[in-house]
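S.K.: Prediction below, plus the sequence it came from.
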Amino acid sequence: MNGVTDAVGDAFGELLRHPAIGIGLRFLVLYVVIVWIASAWWVWRDARARTTDVFVPYLAAAAVILVTPLLFPLAVVVYRLLRPPLTVSAATAAELQLAMLEEEATRSECGTCGATVDDEWVACPACGAELATRCAACGRPLELDWTICAWCAAEVPWADDPSPVQARAAVAIPIRPGGRPLLPVMAVPDDHHARPTAPRARRRASTRRSDA
């Protein structure tokens, strides 16, 4: 058994002493070292792009260097699992896009065409519908359903116009204590004073006949 082991060792030694094998091993070791250093440099650059902390990129690169050329692939795998999912620029772009979507969701819509409009606009740029008008006192936009200006408390131009709801409002009719309604003067016809004259004349004529 020892003879076989010694024979294998001698054959392997002769193979390593071969000039071509020696050159190949040297190139292999050089390649591993280059990949090791390049992995540390890649980790440093990637960490700089994914965090605003100054020390984190250097600590990550130092960890790859300290695990030696034999274990640096494991260190790179661990770093990829722990690193932030987005770079700083990508995270900033995502936040800006989300803010734009939230702002667009809270913006008003045109009641005529449904287009997105700004609260400061007085007309819809899509269909030309009137959204608001300007206050004569402060110049700020007024909503069409306001009764006064919300900015300066000035009266709106249509404040004196009767509202359709007020025009159709029912008028309360007071009731006399006896139960008969007391009609307002405005609801009585103009010629009601002339109509009772005939019944009164008939009553006077009948009274004279009974006296005779």
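M.R.: Here it is on my side, so go on. Numbers count the residues shown, from 1 in each chain.
S.K.: mind listing what the closest residue to Trp146 other than its chain neighbours touches?
M.R.: Take Trp146 and drop its neighbours on the chain: the residue closest to it by Cβ to Cβ, 6 or more residues apart in numbering is Val156, 5.7 Å away. Any C-beta I mention is one placed from the backbone N, CA and C, and that applies to glycine too. Counting by Cβ atoms under 8 Å, 6 or more residues apart in numbering, Val156 makes contact with Thr133, Cys135, Leu142, Trp146, Thr147, Ile148, Cys149.
S.K.: The helix or strand hosting the third one: partners in the sheet, and parallel or antiparallel?
M.R.: Spelled out, that is Leu142. Per DSSP states H and E, Leu142 falls inside strand 141-143. Sheet pairing for strand 141-143, assigned by DSSP bridges, gives strand 132-134 (antiparallel).
S.K.: Now the host helix or strand of Leu70: buried residues?
M.R.: Following DSSP H and E, one finds Leu70 within helix 68-82. Within helix 68-82, the residues that count as buried by 16 or more other Cβ atoms under 10 Å are Phe72, Ala75, Val76, Tyr79.
S.K.: The second one and Thr68: what is the separation?
M.R.: Between Ala75 and Thr68 the distance, using Cβ to Cβ, to the nearest Å, works out to 10 Å.
S.K.: helices or strands up against the longest helix anywhere in the chain?
M.R.: For the chain, the helix with the greatest residue count under DSSP state H is helix 19-50. Helices and strands touching helix 19-50, by 3 or more Cβ pairs under 8 Å, 6 or more residues apart in numbering; DSSP states H and E, are helix 2-16, helix 56-66, helix 68-82, helix 88-106.
S.K.: can you list those in JSON lines and add distance to Cys113 and mean pLDDT?
M.R.: Shown next, in JSON lines, are the helices and strands packed on helix 19-50 (distance: least, Cβ to Cβ, whole Å; pLDDT from 0 to 100):
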{"stretch": "helix 2-16", "distance to Cys113": "83", "mean pLDDT": "67"}
{"stretch": "helix 56-66", "distance to Cys113": "51", "mean pLDDT": "92"}
{"stretch": "helix 68-82", "distance to Cys113": "50", "mean pLDDT": "90"}
{"stretch": "helix 88-106", "distance to Cys113": "16", "mean pLDDT": "85"}
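S.K.: Check those helices for me and report the most buried one.
M.R.: Greatest average neighbour count among the helices and strands packed on helix 19-50 goes to helix 56-66 (a mean of 17), per mean count of other Cβ atoms under 10 Å.
S.K.: Burial check on Ser39, number of neighbours?
M.R.: 19 (other Cβ atoms under 10 Å).
S.K.: how about it, what does it touch?
M.R.: Contacts of Ser39 (Cβ under 8 Å, 6+ apart): Val64, Phe72, Pro73, Ala75, Val76.
S.K.: Can you tell me which of the residues you listed is nearest Cys124?
M.R.: Nearest to Cys124 among the contacts of Ser39 is Val76, at 56.6 Å by Cβ to Cβ.
S.K.: From what I see, the closest one and Trp44 are in contact.
M.R.: No: using Cβ atoms under 8 Å, Val76 is not in contact with Trp44, being 11.9 Å away.
S.K.: For the residue nearest to Ala115 when sequence neighbours are not counted, give its distance to Asp119.
M.R.: Ranked by Cβ to Cβ, 6+ apart and with sequence neighbours excluded, the top spatial neighbour of Ala115 is Ala126, at 3.9 Å. In this view, Ala126 and Asp119 are 16 Å apart by Cβ to Cβ.
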